[in-house]
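**Q** have a look at this prediction, sequence included:
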Amino acid sequence: MTFATVVALMFAVDAIRGWYRNRDRDRPSHPVSIWRWTGFCFAMGIFLTRASDAIVLWNWDTRDPAGTGWWLTFQRFVDPLAMGFGLTGLALLYLSARGMVVQLRRRPFPIDMWSSLPMLKRPAYIALLSLIAAVGVVSTR
């Protein structure tokens, strides 16, 4: 959950940086803007749900049920906000589908996803560090 939190936050920040860099040429109805908004909404939904789950897990203490209960309550208050981001992402995806399909079917449309594979190095390191931290926490409790 810590890994998913960090990766989703990385994507959300990247989307914001992309908006800022291209704010002069990308209009709100442009396919790139819609793609960024949709990805941002999904990333924020994942970030909020997984961050609240991670916070609950990292602060779980059987000797302090009131503290654990407070974090569980916090998690319940974050859930509707996360769901709002997720539903907004779905709405953007659905509302833009008719125009987006036309855009995506234009030729040429070459995408070489495998050349972008090295971009997953940093998230892989974060996943490994999160796994090590989780094993360490579980084994020392």
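**A** It's in. Numbering: from 1, shown residues only.

**Q** the helix or strand where residue 66 lies: which residues count as buried?
**A** Per DSSP states H and E: residue 66 is located in helix 65-104. Judged by neighbour count (16 or more other C-beta atoms under 10 Å), helix 65-104 contains these buried residues: 71, 75, 78, 82, 85, 86, 88, 89, 92, 93, 96, 100. Backbone N, C-alpha and C define where each C-beta goes, glycine included.

**Q** now swap in stretch 6-25 and tell me
**A** By 16+ other C-beta under 10 Å, the buried positions in stretch 6-25 come out as 6, 7, 8, 9, 11, 12, 15, 18.

**Q** out of those, who's nearest residue 59?
**A** Minimum distance to residue 59 across the buried residues of stretch 6-25 is 17.5 Å, recorded for residue 6 (C-beta to C-beta).

**Q** spit out the contact partners of the closest one.
**A** 123, 126, 130 (C-beta atoms under 8 Å, 6 or more residues apart in numbering).
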